[in-house]
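**Student:** sequence isn't available, so here's the structure alone:
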């Protein structure tokens, strides 16, 4: 897995959180969209966790840029925004997960496991609104 966030503290926290998960190996970290694209292209991770927004790219722009270059990687977004419309746009752009950063300690490991299993995960507080917009996802496990 590759993790990316433009805030060093958040990047380190996400990395430490996920490195503690059994069966998860963090093979790279990036602090910008360009670095995330480079790392994901070179390392070919199964999952890419993006803290958004990154300074050098929009949320959907980041997903589209990455999906075009690293199609096999499943993208999970971690965002401070709890707007279901943003989650819906992220999923439509190719992400398989959307987690609120303020709930990342509980939800990000679940989202990563879902991504590894080929399922979609959205923060539970946003699931009803996002599902009304036409997206379906796995129940919280």
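**Tutor:** Nice, thanks for sending it over. These figures come from a predicted structure and were not determined experimentally.

**Student:** okay, residue 45: pLDDT?
**Tutor:** For residue 45, the model assigns a pLDDT of 92.

**Student:** strands along the chain, start to end?
**Tutor:** 2-4, 28-30, 47-52, 74-79, 97-100, 121-122 (DSSP state E).

**Student:** would CSV of these with distance to residue 67 be doable?
**Tutor:** Glycine gets a C-beta too; all of them are placed from N, C-alpha and C. Below are the strands of the chain laid out as CSV (distance: least, C-beta to C-beta, whole Å):
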stretch, distance to residue 67
strand 2-4, 14
strand 28-30, 16
strand 47-52, 10
strand 74-79, 7
strand 97-100, 13
strand 121-122, 17
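
**Student:** how about the ones you listed in CSV, adding distance to residue 88 and mean neighbour count?
**Tutor:** Listed next are these as CSV, based on distance: least, C-beta to C-beta, whole Å; neighbours: other C-beta atoms under 10 Å:
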stretch, distance to residue 88, mean neighbour count
strand 2-4, 22, 28
strand 28-30, 25, 20
strand 47-52, 14, 26
strand 74-79, 12, 25
strand 97-100, 9, 27
strand 121-122, 9, 28
